[in-house]
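1. using only what follows, build the 3D model:
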Amino acid sequence: MSEDRIIPLSDRDQVWLRRAEAHILDVTRARYGLEGFTHSVHDLPQLQRLIDDGAITAKELLEAQCIGVVFGNIFVANTSMCWVRVANECGDMISLHSEAIHFTLYPLTMISKRLEDGRNIDLMALYEDLATSLHIKNEG
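-> Residues are numbered from 1 along each chain as shown. Next comes the predicted model:
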């Protein structure tokens, strides 16, 4: 098993992340009148509502990945994690990585895989569990 290679995001990757967040904001705005994301845990109830209301299912892969982007942006804003591209034997993917703890999360597939598996999704519990167990919460 080879080591993960951590690669800075390209301009194209950064544009895709911004567009993905804008797309899911459009979905939440149309359904619930949401004005914008704050990149805090206060975004999670609106994203959760999309899942709970059945607006996002395993069939909506793009929307599930877009929820993963907003979920990831909350980690970026509130932890030591940052967006990177990770390349390994499985390919390469936009991911979150914390150099401080040498750990990588894959939020783009984190939500979609749970939807595909028919698992219950509790975004707030998922965020808190990950941030606490990985000790990646910012202190400031």
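
2. any idea how far residue 11 is from residue 17?
-> Using C-beta to C-beta, to the nearest Å, we find residue 11 at a distance of 11 Å from residue 17. In this view, the C-beta of every residue, glycine as well, is placed from N, C-alpha and C.

3. which helix of the protein spans the most residues?
-> When the chain is parsed with DSSP state H, its longest helix is helix 11-32.

4. in that one, what's buried?
-> Applying a neighbour-count criterion of 16 or more other C-beta atoms under 10 Å, one finds 17, 20-21, 24-25, 27-28 buried in helix 11-32.

5. ok, those residues vs residue 102, which is closest?
-> residue 17 (22.5 Å; C-beta to C-beta).

6. the closest one against residue 69, yeah?
-> Yes: with contact defined as C-beta atoms under 8 Å, residue 17 counts as touching residue 69 (5.6 Å).

7. the chain: helices as residue ranges?
-> Using DSSP H, helices in the chain cover 11-32, 44-52, 61-78, 107-117, 123-133.

8. from start to finish, how long is stretch 32-42 in a straight line?
-> Using C-alpha to C-alpha, to the nearest Å, the end-to-end distance of stretch 32-42 comes to 15 Å.

9. quick one: it to chain centroid distance?
-> How far stretch 32-42 lies from its chain's middle: 14 Å, per C-alpha atoms, centre = their mean, to the nearest Å.

10. okay, now residue 102: neighbour count?
-> Residue 102 has 9 neighbours, counted by other C-beta atoms under 10 Å.

11. which residues sit in contact with the residue nearest to residue 62 when sequence neighbours are not counted?
-> The spatially closest residue to residue 62, leaving aside those adjacent along the chain, is residue 23, at 7.3 Å (C-beta to C-beta, 6 or more residues apart in numbering). The neighbours of residue 23, taking C-beta atoms under 8 Å, 6 or more residues apart in numbering as the test, are 62-63, 66.

12. just put those in TSV and tack on neighbour count and distance to residue 45.
-> As requested, the contacts of residue 23 are exported to TSV (neighbours: other C-beta atoms under 10 Å; distance: C-beta to C-beta, whole Å):
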residue	neighbour count	distance to residue 45
62	12	22
63	21	17
66	28	17
